[in-house]
Each structure stands twice: as C-alpha cells, then as structure tokens.
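In: Sequence first, then the predicted structure:
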Amino acid sequence: MLTGQGKGREKLFSGYQVLIIALLSILQFTIILDFMVLSPLGAILMPELRISTAQFGWVVSAYAFSAGVSGILTAGFADKFDRKKLLTFFYIGFLIGTVLCAIAPDYNFLLIARIVTGVFGGVIGSVGFAIITDLFKFEVRGRVMAFTQMAFALSQILGLPIGLLLANKYGWHSPFWMIAGFGLIIGVVIVIYMKPVTEHLKLKSDRSPFQHLIKTFSVPDYAKGYLATTLLATGGFMLMPFGSAFSTNNLGLTLDQLPMVYLIVGLCTVPAAPIIGKLSDKIGKFKVFFAGTILTTLMVAIYTPLGITPVWLVIVLSGTMFVGITSRMISAGALMSAVPAPQDRGAFMSIMSSVQQISGGIASAIAGAIVYQAPDGNLQRYNILGYVVISTMILTIAMMYWIDKHVKTIIKQEVKLEVLAEAVLKTN
C-alpha cells in the first residue's frame, strides 16, 4: 500500500504525496505509451507507408534526437522556474505533437510530428523526476520510482493492447487520438490539483542559464552519471523498435495475438514493481540493479536468436525479461536521483534525459542499419543486436557500482551535517 496503513504505524506518504505519485505515474504512462506504441505499430506502419526498417528506425530516432536537443536547451532554465509551470508548458506541447501524429498522412509528415512530440515530451520525464527528488526522501525513492515506473507495465496492459485493437480496426492513426484525448484529461487534473514546486528557488544562484548549463555539464561526478545513462539507454532503444516485427515475422505470432501477449507481460510486471521498489529501499539499490541486469542479460541471450516459438513460451520469456528491465529502471532511477545537489536537480535531470534520448536515438538508428527484412519478411541479424545489448549491460554494472559508492558517501556526509546541526540547536 502506498500509505503504509497499519495500526500504530505512521503513514509512509501523506495524502497529497499519494496524489502526486498517482499524477506523475499516469502522466508518465501517456509519455511512455506515445513512444512505445510505435513498436507494435511497426508491423502495420512499414507496409502501409511503404517504408524500410532503416526509415522506421529514423521515425523512432527523430523523437529521441529532438528530445535530447530540447533537454539540453532547457537544462539551463530548469532550476529557475516553478517545476509545475515547467511541467504544464511541456505537456501541452507534447499533446500538440501527439495530435500531429494522429493526422499524419505520410512518412515525412509523421517524421516531423515525431520531432515536435520529442521536443516537448522528452523534457517531461526529467521534470517529473526532479519533482520526485524535491518531494521525497532518498530512503523511500525506490518505492516512489516503482509506482512511476509502473507506467511501463500499465502501457503494456492497457495502452498497447487497446492501441493495437484500435489500429487493427480503425487504422494506425487512432492510437495517437486515444493518447491525446486521455492526456488532455490528465493535464487538466495536474493544473487544478498540483501545488507549485518552488523549494529549489530558495537556493538562489547568480549564474546565468548558460553558466548553469555549463557548470552542470562539467561536474565530474555528474559526468559519470551521464555516461551510465548512455549505457542504460542503449538496450531498450535497440531491441524495442523492432519488437513487433520480430514477434510476427520471426517468432510466428499473429497481429491478433500481440495485444494478448503485451497484456499478459504487463500483468506480470505490475505486481513485481512495488516489490522491486521496496527491495531497492531495504537491501540496496545497486544490489537490485545487479540482479535485474543478470536476469535481463540471460533473457536477451535466449530471446533474440529464437525462431518460430509457441505463444506461451514467448509470454514466459518476455514477462521474465520485463521484470529484469523493470528492476534495472527502478533501482537506477532511485540511485541516480541522489547524485545532483538540490540546486542542480532540474538541470541534471534535463541533461540526463537528453543524454538518454540522444544515445537511444543513435542506438535505434544503428539498430535499423544492422537488422534488415528478408524477402520472406523475417528480420535478419536481430541476435546481433542482442549481443550488443548484453555488452552494454555488463559495462553498466561497473558504472552503477561507482555511482552507488558515490551516493553512499553523499548520504554519510548529509547525516553528519544533520547530527551536527541538531547538536548546535541543543547547545543553543
């Protein structure tokens, strides 16, 4: 339970904090769904628009590259405004971009629409993470990240199956209309019920936005966080864009079976996320990350070389792989949130988001160049992508180990300062 209910037990989160977690989770749901829905739509989009795997890779990359550039340009200003206002502004732009995707008549228009959506949508996640870091202590961030990251699972359970059903019945534009309509409702709720988030503005800085950007870029400890983020992004952006095409052409699934597979895989992940979040807070965020990485590595090694496979086995392997991916995302997000100083959180999160999007965009474009579709429809060299993903995941373990040690040092220093402050207050 979010509120940690129990007789004689103090609530873990206040009612308002529960509302914020719910709003940010649902908001993340719309952002993630907008990005993820392209993967299952690939099997419909490529033949309908008569585009190649490389062109489809660029449709995915366009969002990532524009999101990356936008995040960098926003970073200098990210800590100089009320985070609620920043969130609202970019979410409105994201909804406009989604509507453009919904009315796209051809490949070129869709490419431009994805760029617009990325410019605004790519920044929203970083603003949301900054809000979480401002409002929640490090000791409970694993649990908070677990609920916000459940947006991935919910997009599997609710969004992708519904989106695919709509696409199969009304055309590939319809899922974007669904996202835009639902997103508008969430936007209105955020405007009405979320309070301003301005605590960081009390830590005034004389630096200009450009100076703030350069300073946040150049801190060595932050740079290691950016490198870890680069490696984290590579895997998902390489495998995911061609997931549906691989499932239908190589594994032998039908377009009608895909919604069921996404639904069941999502159902496996939802109950796992809160458990993973609690474990990351209790036993250590790096330990959970390490375990999740090992599990994901094994599943990628098994999954990517597969040929025709029974649907039940695809569900088992995909569900297990997504539990591993969720473990990595929750623990890494919670751990990374402790790296920046309070006055740098917005800029750090924006740059981190940009690094993630740009590296993911490059990875997606490379993936589009590596795999190709044979005349019989099969995707060739998908297993090579698996080997690349496994290599990056192994490297990421080393980077996250260093970040874990760095965060522990920061926390020890903060505890010493708190003890010292309490001692001074008692003396006075």
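Out: Ah, there it is.

In: what residues are up against Val191?
Out: Counting by C-beta atoms under 8 Å, 6 or more residues apart in numbering, Val191 touches Thr88. Bear in mind the C-beta positions are built from the backbone N, C-alpha and C, glycine included.

In: what helix or strand is it on?
Out: Per DSSP states H and E: Val191 is located in helix 174-193.

In: right, and the helix or strand after that helix?
Out: Downstream of helix 174-193, the first helix or strand assigned by DSSP H and E is helix 209-218.

In: which stretches of the stretch 201-350 of the chain have low pLDDT?
Out: For the stretch 201-350 of the chain, applying pLDDT under 70 flags the ranges 203-210, 212, 235-237.

In: returning to what we had before: list the buried residues of the helix holding Val191.
Out: Buried residues in helix 174-193, counted by 16 or more other C-beta atoms under 10 Å: Ser174, Pro175, Phe176, Trp177, Met178, Ile179, Ala180, Phe182, Gly183, Ile186, Gly187, Ile190.

In: so what secondary structure elements neighbour the helix or strand where Ala347 lies?
Out: Per DSSP H and E, Ala347 falls inside helix 345-370. The contact analysis (3 or more C-beta pairs under 8 Å, 6 or more residues apart in numbering; DSSP states H and E) places helix 345-370 against helix 53-75, helix 107-135, helix 209-218, helix 220-239, helix 382-427.

In: got a markdown table for those, with mean neighbour count and distance to Gly277 too?
Out: A markdown table is the format used below for those (neighbours: other C-beta atoms under 10 Å; distance: least, C-beta to C-beta, whole Å):
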| stretch | mean neighbour count | distance to Gly277 |
| --- | --- | --- |
| helix 53-75 | 23 | 25 |
| helix 107-135 | 23 | 12 |
| helix 209-218 | 16 | 27 |
| helix 220-239 | 21 | 17 |
| helix 382-427 | 14 | 17 |
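
In: Just give me the lowest mean pLDDT stretch among those helices.
Out: When the helices and strands packed on helix 345-370 are ranked by mean pLDDT, helix 209-218 comes last with a mean of 73.

In: can you tell me which residues contact Ala130?
Out: Going by C-beta under 8 Å, 6+ apart, Ala130 touches Ala78, Arg83, His200, Arg345, Gly346, Met349.

In: Which two among the residues you listed are spaced furthest apart?
Out: The widest separation within those, taken as C-beta to C-beta, falls between His200 and Met349 and amounts to 11.4 Å.

In: Compare these two and say which one has the larger neighbour count.
Out: A side-by-side neighbour count of His200 and Met349, using other C-beta atoms under 10 Å, places Met349 first with 29 against 22.

In: in terms of contact, does the more buried one touch Ser126 like I think?
Out: Yes - with contacts defined as C-beta atoms under 8 Å, Met349 counts as touching Ser126 at a distance of 3.8 Å.

In: hey, what's in contact with both of these two?
Out: With C-beta under 8 Å, 6+ apart as the test, Met349 and Ser126 both reach Ala78.

In: just wondering, since we're on the closest residue to Ala75 other than its chain neighbours, how far is it from Thr229?
Out: Nearest residue to Ala75 in three dimensions, chain neighbours excluded: Ser350, at 3.9 Å (C-beta to C-beta, 6 or more residues apart in numbering). As judged by C-beta to C-beta, to the nearest Å, Ser350 and Thr229 stand 12 Å apart.

In: Also Val191?
Out: From Val191 to Thr229 the distance is 30 Å (C-beta to C-beta).

In: same check, this time on Ile32
Out: From Ile32 across to Thr229, the span is 17 Å (C-beta to C-beta).

In: now do Gln55
Out: The gap separating Gln55 from Thr229 is 27 Å, by C-beta to C-beta.
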